[in-house]
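Participant: I'll drop the sequence and a predicted model, then ask my questions.
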Amino acid sequence: MKSFDAIFIGAGQAGPFLAARMAEAGMKVALIERKFLGGTCVNAGCMPTKTLVASARAAYVARRGADYGVQIPGEIGIDMKTVRNRAETIIMNARNGLSDWFGGMKTMTVIHGHARFTGPKEVVVNGEKLTAPKIFLNVGARPVIPDMPGLADVDYLTSTGIIHLDSLPKHLAIIGGSYIGLEFAQMYRRFGAEVTVIERGLKLASREDEDISDAIADILRSEGITIHTDIKDIRFAKSADGATVTVDSETFEASHVLVATGRTPNTDDLGLDAAGVATDKRGFITVDDRLATNVEGIWALGDCNGHGAFTHTSYNDFEIAAANLLDGGDRKVSSRILAYALYIDPPLGRVGMTEKQARASGRKIMVSTRPMSRVGRANERGETKGFMKVVADAETKEILGAAILGIEGDEVIHGLIDAMNAGTTYPVLQWSVPIHPTVSELIPTLLGDLKAS
Ligand SMILES: Cc1cc2nc3c(=O)[nH]c(=O)nc-3n(C[C@H](O)[C@H](O)[C@H](O)COP(=O)(O)OP(=O)(O)OC[C@H]3O[C@@H](n4cnc5c(N)ncnc54)[C@H](O)[C@@H]3O)c2cc1C
Ligand SMILES: NC(=O)c1ccc[n+]([C@@H]2O[C@H](COP(=O)([O-])OP(=O)(O)OC[C@H]3O[C@@H](n4cnc5c(N)ncnc54)[C@H](O)[C@@H]3O)[C@@H](O)[C@H]2O)c1
């Protein structure tokens, strides 16, 4: 049996950074990864998809060139091989960068293989037993494949496979209308495919307020994407060119089907029973506010603990664990103010509560909205879709949450993220002097328009 100071299972967006901190401090650590260093974000998530979104935006801007007085003769063509190669280059650069970094650490052993517990402090990988007083689980999640009539007979894609497509689908049917479904829907529409999104919920991006969901649907429909919501019955049958898809009473032919119906944690084949580590009924590892599991000496970080489903929440789990275990800190998951973005174009930047959540919390709230058509910078750029919204507590003047659906919304939201993390009340922010002409310059105006609601 090989002994280490710490074992890390899964090399996603949390464990490797903690492993590196420990190795730099001279501790002997094992980092076990069954697939690729960097996990989902690097190899099948954020990095390749945002690279593809950038290609899709280039196509969109090129097609709109004439609106800006830029003449591009002929039809705008898409070379899907180059599109795919850009994404794969980004993946390989990041993956190799991590490999070089870890390779240079004397006390870190990187092991490629699937790890399973055989006891509370004992792990088996590639037939070899390892032990350590501290074990960190950073095993992430994978796409859920729902049990839908005929789906198993069809060559469907998930977010992992579609990244490597090097030809254009004639008609892409997307099951699920949330982050993954919507980002790929707009991207493939811009590449030139016909796209249909099928969502069983009442609205797209159903975690958002209804006005945001409706505006997202308007943006996507304006580009020619077909959207079906509130769908009760989805069926598939294999056809000569792909699949015949039946959506309630309507039928259409899809050359490709993308399943984007959520992700499930990689905890079913980890031997958690042998270690006695508890999970909830969906398989997420149960952790306390400092990310410790019910078994002493075992922590769970990232998507597998169900407290976040983003790269920055996984990385924040690393920061929490590092602060508490290495730096004498006392940081908690419950102090985190959730923020995220949906990378359609224009993007949605979000922080804190939705209006719906703020209302449900029983507070007296104030709300302010402003269409992007009343933002000078958006008009100058010729991109006025979307709107911004902020929600505040009428009594404490705290900013409770915000949504910026509009150009640079993923960046503009950071002014509000920073203010909320600093505990700044909205009247203070109203006195900031922003730069003209930006989208952010309208934030003080937006706050000045807050009204009891
Ligand atoms: C298409 C897509 C786009 C996304 N876009 C964004 C975005 O724009 N912004 C954002 O913030 N988030 C985005 N996400 C989410 C983000 O990728 C994840 O939240 C993040 O990668 C989670 O990191 P993690 O550290 O929890 O786990 P992961 O990155 O999933 O890493 C877990 C690792 O553990 C390994 N593993 C699992 N089980 C074992 C085992 N038993 N033994 C050894 N190794 C094991 C896996 O192979 C994997 O490498 C996206 C996700 C997808 C799918
Ligand atoms: N921009 C980002 O940060 C980003 C981008 C992509 C993915 N992600 C992460 O990846 C995770 C997975 O994303 P996702 O979009 O697959 O999952 P999700 O859980 O956000 O959404 C799944 C959607 O599919 C719908 N759905 C579920 N079963 C269905 C069925 N049988 N038929 C029709 N619709 C069905 C749900 O109602 C929901 O709208 C997210 O949790 C997210 O955090 C983040």
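Facilitator: Nice, thanks for sending it over. Ligands and ions are numbered 1, 2, ... in the order given.
Participant: for stretch 20-34, list every residue counted as buried.
Facilitator: Buried residues in stretch 20-34, defined by neighbour count with 16 or more other Cβ atoms under 10 Å: Ala20, Arg21, Met22, Ala23, Met27, Lys28, Val29, Ala30, Leu31, Ile32, Glu33, Arg34. Where C-beta positions appear, they are placed from N, C-alpha and C, glycine not excepted.
Participant: the fifth one against Ile7, yeah?
Facilitator: No: between Met27 and Ile7 no contact is recorded; they are 11.2 Å apart, counting by Cβ atoms under 8 Å.
Participant: and Leu442, which of the three is it?
Facilitator: Here Leu442 takes the helix state, with states given by DSSP: H, G, I helix; E, B strand; the rest coil.
Participant: return only those of the buried residues of stretch 20-34 found close to ligand 2.
Facilitator: Taking Cβ under 6 Å from any ligand atom as the test, ligand 2 is in contact with none of the buried residues of stretch 20-34.
Participant: switch those over to a markdown table; also include secondary structure and pLDDT.
Facilitator: Shown next, in a markdown table, are the buried residues of stretch 20-34 (DSSP: H, G, I helix; E, B strand; the rest coil; pLDDT from 0 to 100):
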| residue | secondary structure | pLDDT |
| --- | --- | --- |
| Ala20 | helix | 98 |
| Arg21 | helix | 98 |
| Met22 | helix | 98 |
| Ala23 | helix | 97 |
| Met27 | coil | 98 |
| Lys28 | coil | 98 |
| Val29 | strand | 98 |
| Ala30 | strand | 98 |
| Leu31 | strand | 98 |
| Ile32 | strand | 98 |
| Glu33 | strand | 98 |
| Arg34 | coil | 98 |
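Participant: out of these, which is nearest to ligand 1?
Facilitator: Checking the buried residues of stretch 20-34 against ligand 1 by Cβ to the nearest ligand atom gives Arg34 as the nearest, at 3.7 Å.
Participant: which one is the closest one nearest to, not counting chain neighbours?
Facilitator: Nearest non-adjacent residue to Arg34, counting by Cβ to Cβ, 6 or more residues apart in numbering: His114, 4.2 Å away.
Participant: and that neighbour, how close does it get to Gln13?
Facilitator: His114 sits 19 Å away from Gln13, going by Cβ to Cβ, to the nearest Å.
Participant: try Ile212
Facilitator: Ile212 is 27 Å from Gln13, where distance means Cβ to Cβ.
Participant: before we move on, back to that, surely the residue nearest to Arg34 meets Asp269?
Facilitator: Yes: using Cβ under 8 Å, His114 makes contact with Asp269 at a distance of 7.4 Å.
Participant: quick one, which of the two is more surrounded?
Facilitator: His114 (16 against 11; other Cβ atoms under 10 Å).
Participant: quick one, what contacts that one?
Facilitator: Arg34, Val125, Asp269 (Cβ atoms under 8 Å, 6 or more residues apart in numbering).
Participant: how many other residues sit next to Val433?
Facilitator: 7.
Participant: look up how far Ser368 lies from it.
Facilitator: From Val433 to Ser368 the distance is 19 Å (Cβ to Cβ).
Participant: by contact count, what packs against the host helix or strand of Val197?
Facilitator: For Val197, the enclosing helix or strand under DSSP states H and E is strand 194-198. When contacts are defined as 3 or more Cβ pairs under 8 Å, 6 or more residues apart in numbering; DSSP states H and E, strand 194-198 packs onto strand 171-175, helix 179-191, strand 226-228, strand 242-247.
Participant: whichever helix or strand comes after that strand: how far from the chain's middle?
Facilitator: As assigned by DSSP H and E, the chain's next helix or strand after strand 194-198 is helix 210-222. In terms of Cα atoms, centre = their mean, to the nearest Å, the centre of helix 210-222 is found 19 Å from the chain centre.
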